[in-house]
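**Student:** when you get a sec, could you give me coordinates for this:
(2 chains)
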Amino acid sequence: MPLLPRLASLWKTLFRQEALDRELDEEIRAALETLADRYVAEGMSPQAARRAAAGAVGGPGGIGRVKEGVREGRVGAGLDSLLLDLRYAWRGLWKAPSLTAVIIATLALGIGANTAIFSMVDALLLEPLPYRDAVRLVFVWLGRTETGRAPLSGPDLRDLREGSRTCAEFGAIWATGTVALTGHGDPEQLRAALVTANFFQVLGAESALGRTFRAEDSAPGATPTVLLGWDLFERRFGADPSIVGRQILVNDEPTTVIGVMPPTFRLLLPPDSAVPDRLQVWQPFWHDFEGGPRGALFLRVVGRMRPGVTIAQARADLDAIAGRITRERDRARAFITVALQADGVREVRAPLLVLFVGVGLLLTIACVNVASLLVARAAARARETALRLALGATRWRLLRHALIEGLFLTGLGAAAGVFVGHLGLRALITLAPESLSRIEASRIDLTVLAFTLVISVVWGLLLSLAPATELFKARADHSLQPHWRSTAAPVHYRTRATLVIVQIALSVVLLIGAGLLVRAFVEVHRVDPGFRTDRQLTFRVALPPAAIRALMPFSWGRASYSDASPSCLA
Amino acid sequence: MAKRQADIPKGTLQLLVLKTLTLEPRHGVGVADRIEQITRGTFQVSPGSLFPVLHRLEQEGFIAGEWSVTPEGRRARYYRMTAAGQRQLAAEKKHWARVALAIGQILEAD
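**Tutor:** Alright, predicted model coming up:
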């Protein structure tokens, strides 16, 4: 079927309707006149001829029916009536601006809350970590009866590397605290970590400039090297790529910059691993770090499973290694092997899902609220509905109109909701605890928009069905009678009563939930730590090793600091 | 009026309209006349029932309408076959032949 003429016709149907109708009128008039001429020539009176012509052209349904037939046959005729419904819906909403505003605001809050929380659910629970094949990454803890879980020691890592069949490689990191950067501008403390040479390869993270570490960087006698984070590179070194290969002073030691990590690189390890995600510099471990005592627990170990290995297989493999260590070295060892992805959100998963259900309930309440408003309006419009039915509108047509109106409203509500969600999300991100920094990755992306669209359409349909149930009860005749109220009212009350009951029930559930949450929060704050926490300061001073050695002979205990700071009593 | 009058089988009116327009452009009444004339009155169509078909065919680009003057001096909308219409007619003729053959086979079967 030729596409171009159809498109042209669609255009005409939608936007040149009057011209098309005028031409049709003219064509039919011409046909009538041609036939009338003919009948007159056959000997009829002009009047009888006109009547006969009208009968011949119109057929049993009359001329009006013929025109209707032509209109219905036009390309895009269904769409045309859809536009009409949309226009009608728009006019209906515009006529009651305050009601419309209330409905849209209600929907915007409900949809906005869901959009914001879902973008967090998406970022924290659904999106894979930003590493190559992140599902294959595992995090290994040492299981300890007294403290739960702890980092590994050097010999543990060596045993894993030598003994594991399921993991191709293990890397480790130790956030040591800070190092001092001096020599070039103001001295500065940088958040630093030591890593195994293969650490970045295990994660599958590449440097933006230069390279990451190689085995020779950890070799005995190797020149000290450092890898910079992007923020530091940009702020301190003016984003000058020639810094790679030059030497800077780290803890007073000339250290060669070997590369810069990209701005998007984040270290998303479990919050209790005590590895901050915004490290500024990385340095390689000293060469025999694996040889230390088994009691020195400092290595946060990430492993990469071989392709096709499941987390359960990796766990069994590592448990076997732990068993071997326990037997051979007479030292009880147990490893806790967890998927890096799941362990990072271990603590927030449940609260986040509860929150998600909570905002879902909130949206349900909002929509039930809107539905009862719409039902109330449908009751007020009962006369109009009855009139339309009496004039020959089909129930399907009225239902479609109700659906379009509902979808139109939720569409506007969703648009406003995305905006509300955006603001809400920004507020949530500022309020988020530091350990939950991955939350900053949550944004309203296509996945989130698709989610918003789906909930809006589903709720839009449900919303419009509430007043539509009234449609199927309405009868063309009785609502036009003067006493229609007495017959129609009980019907409306029943639907509205149901909606109110649902609304109150859900509100009570949410209120109780929120109340319990607040109570738990208050209780936590009431816990007595056993000492006075008011008017107490804590602080730490980090100095380069050489400076500490220089300071040690002097008293650097409490007394000297309280001398220096008269506002502190002790 | 003819005694052997019959209803036009559903869905074939479009085919008949296209066929009448192969030789020359006609207006609505002219198409109705022509169908009646060829079938010697077996099929009678009111111009009214033709208008929806003519307009649909025009919208799909199979025929093109333009205003002209009849021999009697009246203005009328004449419809002319387009190239796409020729192809459509050929396709529909083939389809109809298959349907007619199939129905014939059913009726001939024992």
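**Student:** next SSE downstream of the helix or strand that B:Val31 is a member of?
**Tutor:** Here B:Val31 sits within helix B:28-38, counting by DSSP states H and E. Where DSSP H and E defines the elements, the next helix or strand beyond helix B:28-38 is helix B:47-59.
**Student:** tell me how far that next one lies from the chain's centre.
**Tutor:** 10 Å (CA atoms, centre = their mean, to the nearest Å).
**Student:** got the angle for that helix vs helix B:28-38?
**Tutor:** Here the directions of helix B:47-59 and helix B:28-38 differ by 110 degrees (axes from the mean of the first three to the mean of the last three CA atoms, to 10 degrees).
**Student:** what helices or strands is helix B:47-59 leaning on?
**Tutor:** Contact here means 3 or more CB pairs under 8 Å, 6 or more residues apart in numbering or on different chains; DSSP states H and E; on that basis helix B:47-59 packs against helix A:3-15, helix A:17-41, helix A:46-58, helix A:63-73, helix B:13-20, helix B:28-38, strand B:63-69, strand B:75-81. C-beta coordinates here come from the backbone N, C-alpha and C atoms, glycine included.
**Student:** now for chain B: which helix has the highest residue count?
**Tutor:** helix B:83-108 (DSSP state H).
**Student:** closest point of chain A to chain B, which residue?
**Tutor:** A:Pro5 (2.8 Å; CB to the nearest CB).
**Student:** count the neighbours of that residue for me.
**Tutor:** By the criterion of other CB atoms under 10 Å in any protein chain shown, A:Pro5 has 18 neighbours.
**Student:** what about it, distance to B:Gly61?
**Tutor:** 3 Å (CB to CB, to the nearest Å).
**Student:** now B:Pro71
**Tutor:** Distance from B:Pro71 to B:Gly61, by CB to CB: 28 Å.
**Student:** swap in A:Thr364?
**Tutor:** In terms of CB to CB, A:Thr364 sits 50 Å off from B:Gly61.
**Student:** do the same with A:Leu152
**Tutor:** A:Leu152 is 76 Å from B:Gly61, by CB to CB.
**Student:** between those two, which has more neighbouring residues?
**Tutor:** When A:Leu152 and B:Gly61 are compared for neighbours, A:Leu152 comes out ahead with 24 against 21, by other CB under 10 Å.
**Student:** report the beta-bridge partners for the more buried one.
**Tutor:** For A:Leu152, the beta-bridge partners under DSSP bridges are A:Leu299.
**Student:** so who does it touch?
**Tutor:** When contacts are counted by CB atoms under 8 Å, 6 or more residues apart in numbering or on different chains, A:Leu152 touches A:140-142, A:160, A:172, A:297, A:299-301, A:335.
**Student:** can you select the buried ones from those in PyMOL?
**Tutor:** In PyMOL, this line selects whichever of the contacts of A:Leu152 come out buried by 16 or more other CB atoms under 10 Å in any protein chain shown:
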select buried, chain A and resi 140+141+142+160+172+297+299+300+301+335
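**Student:** in a markdown table: the contacts of A:Leu152, plus secondary structure.
**Tutor:** Output for the contacts of A:Leu152, formatted as a markdown table (DSSP: H, G, I helix; E, B strand; the rest coil):
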| residue | secondary structure |
| --- | --- |
| A:Val140 | strand |
| A:Trp141 | strand |
| A:Leu142 | strand |
| A:Leu160 | helix |
| A:Ala172 | strand |
| A:Leu297 | coil |
| A:Leu299 | strand |
| A:Arg300 | strand |
| A:Val301 | strand |
| A:Phe335 | strand |
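**Student:** turn the contacts of A:Leu152 into CSV, including pLDDT.
**Tutor:** Shown next, in CSV, are the contacts of A:Leu152 (pLDDT from 0 to 100):
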residue, pLDDT
A:Val140, 92
A:Trp141, 90
A:Leu142, 88
A:Leu160, 90
A:Ala172, 93
A:Leu297, 87
A:Leu299, 90
A:Arg300, 92
A:Val301, 93
A:Phe335, 90
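**Student:** and which of the contacts of A:Leu152 is nearest to A:Gln189?
**Tutor:** A:Arg300 (21.3 Å; CB to CB).
**Student:** give me the most central residue, the chain.
**Tutor:** All of this is about chain A. Closest residue to the average C-alpha location of chain A: A:Ser119 at 1.3 Å, with CA atoms, centre = their mean.
**Student:** wait, I meant chain B there
**Tutor:** Closest residue to the average C-alpha location of chain B: B:Val17 at 1.5 Å, with CA atoms, centre = their mean.
**Student:** what residues are up against the residue of chain B found nearest chain A?
**Tutor:** Closest to chain A within chain B is B:Gly61: 2.8 Å, counting by CB to the nearest CB. By CB under 8 Å, 6+ apart, B:Gly61 lies in contact with A:2, A:4-6, A:9, B:82, B:84-85.
**Student:** over to A:Pro128?
**Tutor:** A:134-135, A:341.
**Student:** redo that, cut-off 6 Å
**Tutor:** A:Ala134 (CB atoms under 6 Å, 6 or more residues apart in numbering or on different chains).
**Student:** distance check, it against A:Arg51.
**Tutor:** Using CB to CB, A:Pro128 is found at 79 Å from A:Arg51.
**Student:** just the C-alphas of the helix or strand bottoming out on mean pLDDT in chain B, formatted as PDB.
**Tutor:** Across the helices and strands of chain B, mean pLDDT, DSSP states H and E gives its lowest value to helix B:47-59, namely a mean of 86. The C-alpha trace of helix B:47-59 is given here as PDB (Å, rounded to 0.1, in the frame of the first residue of the first chain):
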ATOM      1  CA  PRO B  47     -24.300   6.800  -5.700                       C
ATOM      2  CA  GLY B  48     -24.500   7.200  -1.900                       C
ATOM      3  CA  SER B  49     -23.000   3.900  -1.200                       C
ATOM      4  CA  LEU B  50     -20.200   4.700  -3.600                       C
ATOM      5  CA  PHE B  51     -19.000   7.800  -2.000                       C
ATOM      6  CA  PRO B  52     -17.300   6.200   1.000                       C
ATOM      7  CA  VAL B  53     -15.600   3.700  -1.400                       C
ATOM      8  CA  LEU B  54     -14.500   6.500  -3.800                       C
ATOM      9  CA  HIS B  55     -13.100   8.600  -0.900                       C
ATOM     10  CA  ARG B  56     -11.300   5.700   0.600                       C
ATOM     11  CA  LEU B  57      -9.700   4.800  -2.700                       C
ATOM     12  CA  GLU B  58      -8.700   8.400  -3.200                       C
ATOM     13  CA  GLN B  59      -7.200   8.600   0.300                       C
END
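**Student:** give me the residues contacting that helix.
**Tutor:** Against helix B:47-59 from outside (CB under 6 Å, 6+ apart): A:9, A:31, A:57-59, A:66, A:69-70, A:73-75, B:13-14, B:17, B:28-29, B:31-32, B:63, B:65, B:79.
**Student:** now do 8 Å
**Tutor:** Taking CB under 8 Å, 6+ apart as the rule, helix B:47-59 contacts A:5-6, A:9, A:12-13, A:24, A:27-28, A:31, A:35, A:56-59, A:61, A:63, A:65-66, A:69-70, A:72-75, B:13-14, B:17-18, B:28-29, B:31-32, B:63-65, B:79, B:85.
**Student:** before we move on, the earlier item: what helices or strands is the helix or strand hosting the residue nearest to the centre of chain A leaning on?
**Tutor:** Here A:Ser119, judged by DSSP H and E, is contained in helix A:97-121. Using 3+ CB pairs under 8 Å, 6+ apart, the elements in contact with helix A:97-121 are helix A:349-380, helix A:395-431, helix A:446-473.
**Student:** good, we can wrap up now.
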